[in-house]
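In: here is my input; please provide its structure:
(2 chains)
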Amino acid sequence: MKRFLFLLLCTLASAPVAKAIQIVSCPESNYPIELGGKIEILEDPKGILTPEQVINSAVFRPSTQNVPNLGLSASVFWLRFHLINATSNGHVLVNLEQPNMDEVSLYLPDSSGKFVVETMGENKPFRERIFQIPDYLFRINVKSGKEITCLMRIRSTEQIQIPLLAGSEASMINLISIKHILSGLYFGIMIVMILYNLFIYFTVRDKSYLYYVVYIIIILLTQTSLQGFPFQYLWPNWTWMAVHGGFLFPALVGASGLAFLRVFLHTAEFTPRLDRVAIVFYILYTISIVLAIEDVFAASYALMEITAMLVSMYMLTMGIIIFRKGFRPAKFFLIAWTVFLVGVCIYIMKDFGVFPYNNFTRYTMQIGSAFEVILISFGLADRINILKMEKEESQNKAIQAMSENERIVKEQNVILEIKVHERTSELETANKELSETFTNLKETQSQLVDAEKMASLGQLTAGIAHEINNPINFVKSNIKSLKRTMDEVKQLYKQYEQIENGPRAADTIAAAQKLRKELDMDYSMREIDELLLGIDDGASRTSEIIKGLKVFSRLDEDILKTTDLHEGLNATLILLNTLIKEKITIEKQYGQLPPVECYPGKINQVFMNILNNAIHAILEKPDHTDARIIIHSYSDEKNAYVSIKDNGVGINPDIISRIFEPFFSTKEVGQGVGLGLSITHSIVEKHHGKVKVNSELGKGSEFIICLPLTQNKDLH
Amino acid sequence: MEKKINILYVDDESNNLVAFKALFRREYNIHTAVSADEGKALMKEHVFHVILTDQRMPGTTGVEFLESILAEYPDPIRMLITGYADIQAVIQAINKGQVYRYITKPWDEQELRISIENAFEVYTLRESNKHLTDMLLEANKQLDFMLRQKLLS
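Out: Residues are numbered from 1 along each chain as shown, chains lettered A, B, ... in the order given. Take a look at the predicted model:
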């Protein structure tokens, strides 16, 4: 490359501005010589001139530049130059290093003055070229040392620039190799960038990368089509594309670049208003493409270039604004874009003639675009870095938040633990209190039950006391009276003794008779019987009561015994005798009752309670004539039944479901606590028996006690 | 002349009646009744100085009986015998039946005797009081008459 540049400089320095016909010598050298400054140019606007007409025309103007720049023109241009073959070979090669010509024809005069023509161009299939290279390489057969005048006819829809070279085969080969290596380099860089970014896209799934890949591909196509490779390799027969490609691709590059940028810089977010202007550019590019398709090449090209200029400025502006807003990727973009823009500017300036057309200016765009592509890749990569950093940051934040959370949770846990502890101890205290209260209640309950027992016992003992009182009363006094009577009898007896033993019978008999009358012994004799009867009665009654008490008061015997229930009933009746006596008739309908396995004392309590209630029910009735209690007992194979029926006041149907409730009583305050039936119920339940109540208000009540004949051992 | 005390004893338990009579027949004139009605019938025939009755009787209770005879026979001294410790009955008796004494069963013979004697003393005192008052009234009347006579003459 450096040699090239050096050679370039030498040629530039030594370029003579001559008006005379130049005969250019083509030596044996390593590199071809530049022909551009040594040719003559003729414009053929309508393209009607023939080589015969042109060959000797004086209208030719000598070229003023080493690489003549004829701008955009629809005209045909004729080039005339004279070569002398200074090589030892029989031919000289001429190279028009501008692949984007529509038509290039070389006219060589033959010996007869006719012209042999060789035509190449974008509008001819590539295959037809002799040399399969993008440039237009012609082989001129001229004997060594001989001179030849050549005519070249060119036409192009694109910028007509004429980098013409001539030299030996060897020199051309050298030139072409170098050029192709450089192109390959560029090509390689771009391919790598494409693949790299594509790969990243598939990894990261960031849209920007896809846009970028498209952009690079189009850049690649654009740049390489400037060098003609796509025509050679991609669409060698598609001449339409070869011709129009040069207009389509730049527009597409512009559009895709704009699209990519908008995605990359998030212009919609950062500069929403400016972003909307992009639509205009898309439209302009579209018009340019349409114009190109319609073969309005000049307008298309001009529009495209203007739009490109505007777009570049636009993108630069946006880049700066967004960079100012602190979006880091914008920095990379700015650098890359600036480099590219510089490249583009130089290229365009070259087109407009501000900069000379030389190898440097020819390739600035490629260089610029390569730089740009690489830098933007950096930018994109940087984005990944940023993302990574952000991710790390957010992860850190998350970790922080999590550890903060943990801390809070731990704190909360501790607080909760404390609270739970508190509550637990509160609960425990409450529980303890409750169990204490419960124990108290149970105690109280049993105390009350005892009190009730005591009360009923008290009632009992009062009754019993009275019951025993009476017999004892007359037993005691009768004995006294008997004693007195016995004394009198003794007295009389003594008197009669005297009669048996004494002499004066009549006196003593009379005295005895007198005494007898005095003492009223007849009466006394009768009285004795009565007294004895009374004593007997009293004594036996007392003993009955005691026996009854004994039977009844098997109160706390906790042993199952098989007993005759009638015994218990009778004993209970005796004890209740005072209440019953002459007021109430007891009707005993005792059936066949086998002995029942039970706690006798408790069952007696049951009878006592129910009979007591029956008696009180009767006494409550204002008129208790024909008051009766019917005790009816019967059994079946499983159970024994005792029914106690009274014709007392009966039970109100509203409360009949409550009579077995503890402390439920219809009696006045002080007349019993209301535990009698509840105790009854619990005793019967303990025996796995049942108590049934039938009652009619005003008519009376019946209580039926059902007890199983035998108990299973698990009675508790 | 020493009067023998006439006593009426009402009790539903005949054994008690027999016992009581056997105890005191040598000292007093004992009449017994087994119910209030029988007692009232006897009172029509004899004059009694002391009336004893048991409280707990079927039909008419002792207090009720004593209450019933108060109007017709205010003179006899009334005493209540009962083995049933009933405060209400005692209060009732004292207020309504105008009972002189309350005797609990089993009775003590000596206590019973003293009670009867005292009761009789009250009776006689009241009787003689009445008699003396009558005599006084009579004397007063006569004196009054004589005075009037003297004044007139």
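In: CA only for contacts and neighbour counts going forward, please
Out: OK.
In: burial count for residue A:411?
Out: 12 (other CA atoms under 10 Å in any protein chain shown).
In: could you say which helix or strand contains it?
Out: helix A:359-501 (DSSP states H and E).
In: same check, this time on residue A:698
Out: Residue-wise, residue A:698 maps onto no helix or strand under DSSP H and E.
In: who's in contact with stretch A:525-542?
Out: Outside stretch A:525-542, the residues within contact range by CA atoms under 8 Å, 6 or more residues apart in numbering or on different chains are A:467-468, A:470-472, A:474-475, A:478-479, A:481-482, A:485, B:15, B:18-19, B:22.
In: which one among these gets closest to residue A:709?
Out: residue A:467 (33.6 Å; CA to CA).
In: distance of the closest one from chain B?
Out: Distance of residue A:467 to chain B, computed by CA to the nearest CA, to the nearest Å: 9 Å.
In: so what's that residue up against?
Out: Residue A:467 touches A:542, A:545, A:575, A:577-578, counting by CA under 8 Å, 6+ apart.
In: out of the residues you listed, who's nearest residue A:133?
Out: Nearest to residue A:133 among the contacts of residue A:467 is residue A:575, at 145.7 Å by CA to CA.
In: excluding its backbone neighbours, what's nearest that closest one?
Out: Distances taken as CA to CA, 6 or more residues apart in numbering or on different chains place residue A:464 nearest to residue A:575, at 6.2 Å, with adjacent residues excluded.
In: counting neighbours, what do you get for the one you found?
Out: Using other CA under 10 Å: residue A:464 sits among 22 other residues.
In: hang on, isn't it packed against residue A:545?
Out: Yes: shown here, residue A:464 and residue A:545 form a contact pair, counting by CA atoms under 8 Å, at 7.5 Å.
In: which neighbours do the two share?
Out: With CA under 8 Å, 6+ apart as the test, residue A:464 and residue A:545 both reach residue A:575.
In: give me the residues contacting stretch A:563-571.
Out: A:547-549, A:551-552, A:590, A:593-598, A:600, A:603-604, A:607.
In: any of those buried? List them.
Out: A:548-549, A:551-552, A:593-594, A:596-598, A:600, A:603-604, A:607 (16 or more other CA atoms under 10 Å in any protein chain shown).
In: quick check: of the residues you listed, which lies closest to residue B:95?
Out: residue A:549 (37.1 Å).
In: next, find the distance separating the closest one from residue A:558.
Out: Distance, residue A:549 to residue A:558, using CA to CA, to the nearest Å: 18 Å.
In: over to residue A:238?
Out: 124 Å.
In: more crowded one of the two?
Out: residue A:238 (15 against 12).
In: quick check: that one touching residue A:125?
Out: Yes: with contact defined as CA under 8 Å, residue A:238 counts as touching residue A:125 (7.2 Å).
In: near chain A, which residues of chain B?
Out: B:15-16, B:18-20, B:22-23, B:58, B:83-84, B:105-107, B:109 (CA under 8 Å from any CA of the partner chain).
In: make a markdown table out of the residues you listed and add neighbour count and pLDDT.
Out: Shown next, in a markdown table, are the residues of chain B next to chain A (neighbours: other CA atoms under 10 Å in any protein chain shown; pLDDT from 0 to 100):
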| residue | neighbour count | pLDDT |
| --- | --- | --- |
| B:15 | 23 | 88 |
| B:16 | 24 | 90 |
| B:18 | 18 | 91 |
| B:19 | 25 | 91 |
| B:20 | 22 | 93 |
| B:22 | 24 | 91 |
| B:23 | 22 | 91 |
| B:58 | 13 | 79 |
| B:83 | 20 | 67 |
| B:84 | 19 | 59 |
| B:105 | 18 | 79 |
| B:106 | 20 | 82 |
| B:107 | 20 | 87 |
| B:109 | 15 | 90 |
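In: poorly predicted segments of the stretch 1-150 of chain A, please.
Out: Filtered on pLDDT under 70, the stretch 1-150 of chain A yields the residue ranges A:1-2, A:4-22.
In: should've said chain B
Out: Residue ranges of chain B with pLDDT under 70: B:1-2, B:83-87, B:89, B:97, B:153.
In: for chain A, what is the nearest residue in it?
Out: residue B:106 (4.5 Å; CA to the nearest CA).
In: tell me the SS of that residue?
Out: Here residue B:106 is coil, with the state taken from DSSP: H, G, I helix; E, B strand; the rest coil.
In: that one contacts residue A:472, doesn't it?
Out: Yes: using CA under 8 Å, residue B:106 is in contact with residue A:472, at 6.9 Å.
In: so what sits against both of those two?
Out: With CA under 8 Å, 6+ apart, residue B:106 and residue A:472 have no common neighbours.
In: list the contacts of the closest residue to residue A:223 other than its chain neighbours.
Out: In this structure, residue A:223 finds its nearest non-sequential neighbour in residue A:366, 6.3 Å apart by CA to CA, 6+ apart. Neighbouring residues of residue A:366 by CA under 8 Å, 6+ apart: A:186, A:223, A:343.
In: give me the buried positions along the strand or helix carrying the last one.
Out: Residue A:343 is part of helix A:328-352 when elements are defined by DSSP H and E. Of the residues in helix A:328-352, those scored as buried under the neighbour-count criterion (16+ other CA under 10 Å) are A:328-348, A:350-352.
In: I'd like to know which elements the lengthiest helix in chain B is packed against.
Out: Ranked by residue count, the top helix of chain B under DSSP state H comes out as helix B:109-152. Helix B:109-152 sits against strand B:50-54, strand B:77-82, with contacts defined as 3 or more CA pairs under 8 Å, 6 or more residues apart in numbering or on different chains; DSSP states H and E.
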